[in-house]
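Novice: Just need the structure, nothing else, for what follows:
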Amino acid sequence: MSHTPNSIRLISGNSHPELAQKISQRLNIPLSIINAKQNSNNETFVTIGESIRDEDIYIIQTGCGKDKVNDFLMELLMLINACKSASARRITAVIPNFPYARQDKKDKSRAPITAKLIANLIQTAGCNHVITMDLHASQIQGFFTIPVDNLYAEPSVLEYLKHNIDLKNAIFVSPDAGGAKRVASTADKLDLNFALIHKERQKANEVSRMVLVGDVTDKICILIDDMADTCGTLVKAAETLLDNGANEVISIVTHGIFSGAAQQKLQGSKLSKLICTNTVPVGIEFDKLEQIDISPTLAEAIRRLHNGESISYLFTHAL
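Specialist: Residues are numbered from 1 along each chain as shown. Below is the predicted model of the structure:
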């Protein structure tokens, strides 16, 4: 199959083949042939099975997996480097959920800023551009010297809310102070009020006490966060809201990581619905879980980037 030089080539790592397939169908471009596996000694091995000289390469690899996040990161770095060695014209890493994004500052003495380390590794491997979604902290874009497009799930989430939830009686809630800006922006766009939960932590991933700021009496509370990991915060926030007179609690997160005991916590939770996007594969069974497909946004970002068009349209429009 001969290609005109500098056409789009899509490469999928092993982290989220379903998402890569959806992007491939949306763009009507087949996934390139690659071989990425682990040898019996657990070393990652990568080869690209077709010529990619002078091509525009998009490598789709998300940060996820209970015990695989480092393997997938290594696979991404090796795929980037393999493309560089094979004389690709431009290499873009499409990383819907950026790994280690929560380690974005030095909050304890002698702690690493791992998100910056990951940025350095991606650049050293030979990457020219990064597309990601809902970065945990937007300053991570500044850890790179190459361009980083941080897309937002918000337009897709707003579309979902308008069509599936009675917003007349709704209020948005941020489960912590860090997410207040994100929630305020969503609430503004729908002209709704928002409340905030202040949480005090004893140690990482464990919340000791929650205090609600705002009135949620007789309201449908929509809890918005960028990721649900162990789900302790969401479950506790839902209880706090219902204790304060809320009618029901719906949660929307971009990255549904669901690690550790997340499934058990959710099964026993008071959430009436949990909605997440498909930036990472969902590895849990939970009957109140719904997914929003963000592959159209990622596919359009790839198309626009390749054609030299503006990507900012995607910040405000769902596809």
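
Novice: can you give me the helices for this structure?
Specialist: Secondary structure of the chain (DSSP state H): helices at 17-27, 69-85, 114-125, 154-164, 180-190, 232-243, 262-267, 295-307.

Novice: Make CSV out of those helices and add distance to His198 and mean neighbour count.
Specialist: Every residue, glycine included, has its C-beta placed from N, CA and C. Compiled in CSV, the helices of the chain are given as follows (distance: least, CB to CB, whole Å; neighbours: other CB atoms under 10 Å):
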stretch, distance to His198, mean neighbour count
helix 17-27, 35, 18
helix 69-85, 30, 20
helix 114-125, 25, 17
helix 154-164, 23, 17
helix 180-190, 10, 16
helix 232-243, 10, 21
helix 262-267, 21, 17
helix 295-307, 32, 20
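
Novice: how about the ones you listed in JSON lines, adding distance to Thr145 and mean pLDDT?
Specialist: Formatted as JSON lines, those follow (distance: least, CB to CB, whole Å; pLDDT from 0 to 100):
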{"stretch": "helix 17-27", "distance to Thr145": "26", "mean pLDDT": "97"}
{"stretch": "helix 69-85", "distance to Thr145": "15", "mean pLDDT": "97"}
{"stretch": "helix 114-125", "distance to Thr145": "7", "mean pLDDT": "98"}
{"stretch": "helix 154-164", "distance to Thr145": "27", "mean pLDDT": "94"}
{"stretch": "helix 180-190", "distance to Thr145": "26", "mean pLDDT": "92"}
{"stretch": "helix 232-243", "distance to Thr145": "34", "mean pLDDT": "93"}
{"stretch": "helix 262-267", "distance to Thr145": "36", "mean pLDDT": "94"}
{"stretch": "helix 295-307", "distance to Thr145": "18", "mean pLDDT": "97"}
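
Novice: can you pull the buried residues of stretch 124-142?
Specialist: 125, 127-137, 140 (16 or more other CB atoms under 10 Å).

Novice: Kindly check the end-to-end length of it for me.
Specialist: Using CA to CA, to the nearest Å, the end-to-end distance of stretch 124-142 comes to 16 Å.

Novice: ok, back up a step: what would the helices of the chain look like in TSV with distance to Phe315?
Specialist: Listed next are those as TSV, based on distance: least, CB to CB, whole Å:
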stretch	distance to Phe315
helix 17-27	19
helix 69-85	25
helix 114-125	22
helix 154-164	7
helix 180-190	11
helix 232-243	26
helix 262-267	30
helix 295-307	10
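
Novice: Gly256: which of the ones you listed is closest?
Specialist: Minimum separation from Gly256 across the helices of the chain (CB to CB) falls at helix 262-267, 8.9 Å.

Novice: which residue packs closest to Gln38, ignoring adjacent ones?
Specialist: Among residues not flanking Gln38 along the chain, Thr44 sits closest, at 5.7 Å (CB to CB, 6 or more residues apart in numbering).

Novice: Distance of the one you found relative to Glu239?
Specialist: Note on Thr44: its distance to Glu239, by CB to CB, to the nearest Å, is 42 Å.
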